[in-house]
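Colleague: Need a 3D model of the following:
(chains A, B and C)
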Amino acid sequence: MLNEKAVLVIGGGVTGIQAAIDVANQGIKTYLVEKTPSVGGHMAQLDKTFPTLDCSACILTPKMVDVARHPNIELLTYSEVKEVSGTAGDFIIKIEKKPRYVDATKCTGCAHCAIHCPVEVLNDFDEMIGVRKAIYVPFPQAVPLVYTIDMDNCIECELCKNVCEAEAVNFDQEIEEIEVNVGSIILATGYDLFDATKLKNYGYGSYDNVLSSLEFERLLSASGPAGGHVFRLSDGKIPRRIAFLQCVGSRDSEHGMPYCSRVCCMYAIKNAILAKDHIHGGCETTIYYIDVRAFGKGFEEFYQNSQTRFGVKFVRGKVGEIVEDVNTNNLIVRVENTETGQLFEDEFDMVVLSSGLVPSQGSAEINKILNLPIDQYGFFEELNRISPVDTKIEGVYMAGVCESVKDIPDGVSQASAAAMRASLKAI
Amino acid sequence: MEEEPRIGVFVCNCGINIGGVVNVEEVAEYATTLPNVVVSRSSLYTCSDRGQGMIKDDIDEFKLNRVIVASCSPRMHEPTFRKVIEEKGLNKYVFEQANLREHVSWVHSKQPEEATKKAKDLVRMAVAKARLLESLPQHLVDVKGEALVIGGGISGLTAAKSIADRGFKVHLVEKTPNFGGKMAQLYKVFPTFDDPQELLNPLVEDIMAHPNITPYLSAEIADIEGYIGNYRAIIREQTEEKEIEFGTIIVATGFNAYDPNGEFKYGKHQNILTAMELHQLMRADGPTQGNLVTPAEGKTPRSIALISCVGSRQNENTVPEGKKPNAYCSRVCCTGMIATGMEIKEKSPDADIFVLYRDLRTHGKGHEELFTEFRQTGSTMIRYTDDQLPMISSTQGAEYPLSVTSYDSLSGLNVEIPVDLVVLATGMIPDDSASNIASKLHITISADGFFQELHPKLAPLDSVTDGVYLAGTAQGPKDVPDSVSQSLGAAAKACAPMALGQVEVESTIAVIDEDFCTGCGVCQGSCEFSAIVFEERDEGKKVSKVIEALCKGCGTCGSSCPSAAITMLHFKDAQLDAMVKAALTPQAGEK
Amino acid sequence: MVEAKEMINETECETKFEPKLIGFLCNWCSYAGADLAGTSRVQYPPNIRIVRVMCTGRLDPQLILNTFRYGADGVLIAGCHEGDCHYIGGNYRAYRKYILLKEFVKKMGINEKRLRLEWVSASEGERFAKVVREMVDDIKEIGPSPFGVTTTGGVVEDEPEPKI
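Modeller: Residues are numbered from 1 along each chain as shown, chains lettered A, B, ... in the order given. Okay, here's the model as predicted:
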């Protein structure tokens, strides 16, 4: 009892996944296109989520599996939209399926190919801290659980092909182009993290022990490169004093973006709590902030608890400079405590930058095709104040951070909203 | 099911994932010695087309009525194999899977002998359960393609229109005489200062003219009963009562502004206003035709204090005696306060504005930019802390009628500000009807008093009861765009079961044997989903009855019943017991 | 009431005692956590046999007691962390029963180390393995269950089928 028309969702993070499920649940055929080998997006990289401290993978993977199994959803991973033509109610989409060099119908996800592959490269999913092989899945719970060969690094020794009992490796695979006809499109192309190398005063990229928030998440993650044990990248030692710096690239007209990235206060509090939880023998955590934006449901309570129950310290002051002690690789943070008016220095084993969120590369790429109006930062513009998920092109909707920065609950709500709007053009 | 169980066991090598550690042949061989097993095989990849074909062929050949696959985790492929046997006409609940991969070969890889032994034990356990498995009927409930939307503010209106556009009938019930809710009372909508009427009017017009929407104004829900797809309610419109039937419900009952009585001298001086009261004053249809003048003197205010976190972020110490503290943040007041500051400046460009805040939470799209613009007006920001709340006092005839004293944590100074007007940025509290609605609909309320969502991250729009969805500030404080997003989303959730016309509810549910039920009600107390109710029988006997459509099959009632009257389908006492016994009982002759 | 004390069967200690553990794991959290231990290839001793339930709230104290009666040397109940229960409060109710059970098994003469309840989330594969290792070590120390028949190779006599 499927409708004649379909909906296309571009982007397979939690927002795209939710949108696809909500459209498909209405009996409407949905195409979900994701450019990486697996759905999951950034949420799959997180260890735990605020304010509930739910295990991110635990609450995400059932939805990922749902999307793969849904009778009305056609999941196209490792694929990209190349062309869009037509109008609302009747779009024609050209999609390019990139070759994995592994037959998805045969691969059982057993991992023997990866075990034998001699090529090791830094893993994007682990923010370049961990490694993977040239034949890989981005993370163990990947959906679909199908291996992909990264041809840029493959040396074509064909060891993988030899050990694959399912005979799934196929070096002759080629790009496949498909064309689909849909009534509406939902954009869920997500975000990238602000590149903190732009802030020279923080030493990110130069000092080993200054990390971005996603790098820290990967260290915290039980399935990450450190197995959930936090250690310093310079010498492998356990950090006992960690500083979290807020508003890195956000609320910063000069070197970053003037807007607020909305999630960083909460994720820093969460990461500070998790650092204390994961590091045996204790760890002091200090958060340097301008305003603590704990505004959502349960957020303020989480913030209060972080102080009373977990002992996370808060200092009001935007850090001016980070200097590295070359002997110890420790970091000296220079800041004015705006509550006392004092300028001071403090030493830490590790500094985590709560970098802001910016529109993703993926958003920019899809917009080369769609030419949607965007605001000065690159987020897609909404039609009006009470049409927050309608873009300015009829039939094209948006959800999640590609519209503006937001956390997971707001992204998921918006995904359902976009599904509602999209469904009206697909019936 | 009276027939003799005929069990087929399929043991998987999973390449060398299982076969490399467990002696799969031996396990398959062993299975043939177990009671009721008529065929037992091994294969390389049972989930592959070939493997699935083998199962189907054996179902035919051996007339199997139970199937066991001993392979990977059921969390991986249980649905896959269930579909395979359904294709052969078997009920999906006569399938059982033994986990020989994640729970055996992958975790005991250096101990092949023990692993093989464990694999045999797990297969023996699966067989013991399979012998007692039964076909379970699929529970489909019809879903009426009509929705009830409770609340006619921006959230209710948005949800109603979407559902109606989608093709379903909507009953839109609003307790006041007008649609528009609190948004209609605002002066402007931040951060772009839109006129709320301009945004609302087209929507309300659409709704009044929509063929699929029946609007009820000055109306309330007198009574409601039922479950997803099958609800009945009585709507009381002033004196008239109407009975309606519908399939889904959207709760959009909105919020109330916090009443700051007893705090910040509110009520003690005419010039101390709440933000909503100031909005009324600034509106063209307000008591002063939109002229911003002080209530007491009727003059243009020269100096105004805006105070945030009134009724939010409270604790025992900051709240007056007798009042329960609202620990949560109301999310919108900071930006609302800044927007108000801009609006005041627009009406009175020479006014001095003092903003007293704790944390400035201008987090939304365009909010921070608005704050940056506001700071350029030369207004003063004073950061107070919750251990020293600002104090308001009347100056008794001095040049300015009021004085605000506060500690500023950034300068370390105590400041005293003479003001004409004090505006309290009051927080949001749930609408009065919330607890009534909650009990009528069997939905729950969070610690902060707003309706509780099924899961805060992944199901923010679903209530804990199937068929009831949450929209707007009823679920928690938020601004207009977020309320609209949520309402559209809730509408999408409601449309899903209505579009399909049917919804499958859990088959593996609780069943109560009335003969053993004493009507003690312990089961009802343990059910989180309000799925058990009392029913009367002859001679006034009361028994508990499961509402099948609401039961999730968790088993909590089953393990609580003192009369052992409850059976948990597919996880019966006998089935679990058989598994345990099989686990601990080697076969005769075995070591 | 006199509390029976466990007698350590001296002869059993001579042959290498391998405890037989039964684990009741909930579908949404702990079973998934045990699966993750598998996908992560975390090794642990092969002494445990897992029974999957939808929620630890399902666990009837009678079932746990039967498990001991059939000869289990240890019983592990593993569910979702507080606040994470898929059925909202099933794990809390399981916990209440567990508290009572702990007292009860002590009075029955079963060492309380034999009954353990843990909250294991779907991402705690390592932790699940650790819990199993700990239980195996603990129970090896205290020896076979006083109801143990499995280590002697005997068979439990046929009982009337428990009421369905």
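
Colleague: Buried residues of the helix or strand A:Val84 falls within, list them for me.
Modeller: Using DSSP states H and E, A:Val84 maps to strand A:79-87. By 16 or more other Cβ atoms under 10 Å in any protein chain shown, the buried positions in strand A:79-87 come out as A:79-81, A:84. Quick note: C-beta positions are derived from backbone N, CA and C, even for glycine.

Colleague: go on, stretch A:88-103?
Modeller: For stretch A:88-103, by 16+ other Cβ under 10 Å, it's A:88, A:91, A:93, A:95-102.

Colleague: Kindly check the end-to-end length of stretch B:290-304 for me.
Modeller: Stretch B:290-304 has its terminal residues 17 Å apart, counting by Cα to Cα, to the nearest Å.

Colleague: which residues are in contact with it?
Modeller: Here stretch B:290-304 makes contact (Cβ atoms under 8 Å, 6 or more residues apart in numbering or on different chains) with B:269-271, B:273, B:281-284, B:288, B:344, B:347-348, B:350-354, B:400-401, B:417-423.

Colleague: and it, how far out from the chain's middle?
Modeller: 44 Å (Cα atoms, centre = their mean, to the nearest Å).

Colleague: before we move on, what about stretch A:6-16?
Modeller: Centre to centre, stretch against its chain (Cα atoms, centre = their mean), the figure for stretch A:6-16 is 14 Å.

Colleague: Strands of the stretch 251-400 of chain A, residue ranges please.
Modeller: With DSSP state E, counting those that start in this stretch, the ranges of strands along the stretch 251-400 of chain A come out as A:284-289, A:313-316, A:319-324, A:331-337, A:342-348, A:350-355, A:357-359, A:396-398.

Colleague: For C:Cys85, find the nearest of those strands.
Modeller: Within the strands of the stretch 251-400 of chain A, the stretch nearest C:Cys85 is strand A:284-289; the backing value is 29.2 Å (Cβ to Cβ).

Colleague: Other residues contacting the closest one?
Modeller: With contacts defined as Cβ under 8 Å, 6+ apart, strand A:284-289 is touched by A:240-247, A:265, A:268-269, A:272-273, A:275-276, A:312-319, A:333, A:335, A:346, A:348.

Colleague: Who does the helix or strand bottoming out on mean pLDDT in chain A pair with, and is each partner parallel or antiparallel?
Modeller: Within chain A, judged by mean pLDDT, DSSP states H and E, the helix or strand with the poorest mean is strand A:54-55; its value is a mean of 74. Here strand A:54-55 is paired, per DSSP bridges, with strand A:48-49 (antiparallel).

Colleague: Pick out the residue closest to the middle of chain B.
Modeller: Most central in chain B under Cα atoms, centre = their mean is B:Glu453, positioned 1.9 Å from the mean C-alpha point.

Colleague: What residue in chain A comes nearest to chain B?
Modeller: Using Cβ to the nearest Cβ, the single residue of chain A nearest to chain B is A:Ser416, 2.9 Å away.

Colleague: Chain C: helices as residue ranges?
Modeller: Taking DSSP state H as the test, the helices found in chain C are C:30-39, C:61-69, C:90-107, C:125-142.

Colleague: ok, and does the last one reach over to chain A?
Modeller: Yes: with Cβ under 8 Å from any Cβ of the partner chain as the measure, helix C:125-142 is seen reaching chain A through C:125-126.

Colleague: What are the buried residues along that helix?
Modeller: Per 16+ other Cβ under 10 Å, helix C:125-142 contains these buried residues: C:125-132, C:135-136, C:139-140, C:142.

Colleague: what does the second one give?
Modeller: Neighbour-count burial for helix C:61-69, counted by 16+ other Cβ under 10 Å, picks out C:63-69.

Colleague: quick one: stretch A:258-267 to chain centroid distance?
Modeller: 15 Å.

Colleague: B:Lys457: what's it in contact with?
Modeller: A:49, A:52, A:54, A:59, A:408-409, A:412.

Colleague: And B:Ala31, by the same measure?
Modeller: With Cβ under 8 Å, 6+ apart, B:Ala31 has these contacts: B:9, B:11, B:37, B:40, B:68, B:70, B:123, B:127.

Colleague: 6 Å instead, please
Modeller: The contact partners of B:Ala31, by Cβ atoms under 6 Å, 6 or more residues apart in numbering or on different chains, come to B:9, B:37, B:40, B:123.

Colleague: count of residues packed around the third one?
Modeller: Burial of B:Ser40, expressed as a neighbour count using other Cβ atoms under 10 Å in any protein chain shown, amounts to 23.

Colleague: Secondary structure class of it, three-state.
Modeller: Assigned with DSSP: H, G, I helix; E, B strand; the rest coil, B:Ser40 falls in the strand class.

Colleague: That one contacts B:Thr32, doesn't it?
Modeller: Yes: here B:Ser40 reaches B:Thr32: they are 4.7 Å apart, a contact under Cβ atoms under 6 Å.

Colleague: Could you give me the buried positions within the helix or strand that contains A:Ala417?
Modeller: Assigned by DSSP H and E, A:Ala417 belongs to helix A:408-424. With burial defined by 16+ other Cβ under 10 Å, the residues of helix A:408-424 counted as buried are A:408-424.

Colleague: How much space separates the residue nearest the centre of chain C from chain A?
Modeller: Taking Cα atoms, centre = their mean, the centroid of chain C lies closest to C:Val75, which sits 1.4 Å from it. Applying Cβ to the nearest Cβ, to the nearest Å, the value for C:Val75 to chain A is 25 Å.

Colleague: So what pairs up with that residue in the strands?
Modeller: Counting by DSSP bridges, C:Val75 forms beta bridges with C:Ile22, C:Leu115.

Colleague: ok, residue 132 - contacts?
Modeller: By default, I'm working from chain A. Taking Cβ under 6 Å, 6+ apart as the criterion, A:Arg132 is in contact with A:Asn123.

Colleague: Actually, chain B is the one I wanted.
Modeller: B:574-575, B:578 are the contacts of B:Leu132 under Cβ under 6 Å, 6+ apart.

Colleague: Go ahead and confirm B:Thr518 touches B:Ser563.
Modeller: Yes: here B:Thr518 reaches B:Ser563: they are 5.5 Å apart, a contact under Cβ under 6 Å.

Colleague: can you count the residues close to the spatially closest residue to B:Asp479 that is not a sequence neighbour?
Modeller: Among residues not flanking B:Asp479 along the chain, B:Val332 sits closest, at 4.8 Å (Cβ to Cβ, 6 or more residues apart in numbering or on different chains). By other Cβ under 10 Å, 27 other residues sit near B:Val332.

Colleague: so how far is B:Lys347 from B:Val332?
Modeller: Using Cβ to Cβ, to the nearest Å, B:Val332 is found at 22 Å from B:Lys347.

Colleague: Same question for A:Glu345.
Modeller: Applying Cβ to Cβ to A:Glu345 and B:Lys347 gives a distance of 47 Å.

Colleague: repeat for B:Lys572
Modeller: B:Lys572 sits 72 Å away from B:Lys347, going by Cβ to Cβ.
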